[in-house]
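S.K.: structure for the following, please:
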Amino acid sequence: VSLETSAKTLRTYEPQYVTGLLQTPLYARTVLRGGMPNGSQEELERRVELRLRRQSLLEKEDAPTLWAVLDEAVLHRQVGSPDVMREQIEKLLDVTELAHVSLDIVPFDAGAHAGACAPFTYFRFEEPELPDIVYSELLSASVYLDQRADVVAHLEAHSRMALSTSSRDSRALLNRMRKEYS
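M.R.: Presented below is the predicted three-dimensional model:
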């Protein structure tokens, strides 16, 4: 959370779910419940609230630039009911209208691509003395990478994935999927 609030640029890749910064409350609740099936309702609600508070970052006047790349599988993996998915897709369409947010969806027909790895988020900070950082979550751990070679490898993977699509193509895919969940 502190990395997000300090960053001037965020690049994220998610192969399984919509990135947390762009999730609706119902989608977030369903994803989080899936990850903690034995957790208490109170803990679930605390995590949902934290995720939603994190999203206020994108509403600030000096909001960071967010470039999210999602795999098309994210749109086909039904999280909750069709209504939850339709609402989530509508939110994704809405955020594509924001000047500081870019959303690209790597289509299935792109074939094998550089995202055959874990989800990750890249952070670049305003302060030049702070190194760029890549954060990745695994099942039972989190990894922070700040070695130049690691950071560059993730940036290159993100850029290669984004080259396999366009904002226009991504919006068209979102509109098609919204109709499928209607």
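
S.K.: any regions of this protein where pLDDT drops low?
M.R.: Where the chain drops to pLDDT under 70, the residues are 116.

S.K.: ranges for the helices of it?
M.R.: Applying DSSP state H to the chain gives helices spanning 2-6, 25-35, 41-55, 73-76, 82-95, 148-163, 167-180.

S.K.: closest to Ala141 out of those helices?
M.R.: helix 25-35 (14.0 Å; Cβ to Cβ). Using the backbone N, CA and C atoms, a C-beta is placed for each residue, glycine as well.

S.K.: angle of the closest one against helix 41-55?
M.R.: Helix 25-35 and helix 41-55 are oriented at 130 degrees to each other (axes from the mean of the first three to the mean of the last three Cα atoms, to 10 degrees).

S.K.: list the buried residues for helix 25-35?
M.R.: For helix 25-35, burial by neighbour count (16 or more other Cβ atoms under 10 Å) applies to Leu26, Tyr27, Ala28, Arg29, Thr30, Val31, Leu32, Arg33.

S.K.: closest one of those residues to Val134?
M.R.: Val31 (21.8 Å).

S.K.: contact partners for the closest one?
M.R.: Tyr17, Gln23, Val79 (Cβ atoms under 8 Å, 6 or more residues apart in numbering).

S.K.: ditto for Ala110
M.R.: Listed by Cβ under 8 Å, 6+ apart, the contact partners of Ala110 are Met161, Ser164, Thr165.

S.K.: next one: the residue located most distally from the centre of the chain from Ala149, what distance?
M.R.: Computed with Cα atoms, centre = their mean, the maximum C-alpha offset from the centroid of the chain is found at Glu129, amounting to 26.5 Å. Going from Glu129 to Ala149 by Cβ to Cβ, to the nearest Å gives 20 Å.

S.K.: now the buried residues of helix 25-35 as CSV including distance to Lys8?
M.R.: Below are the buried residues of helix 25-35 laid out as CSV (distance: Cβ to Cβ, whole Å):
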residue, distance to Lys8
Leu26, 31
Tyr27, 27
Ala28, 25
Arg29, 30
Thr30, 31
Val31, 27
Leu32, 28
Arg33, 33
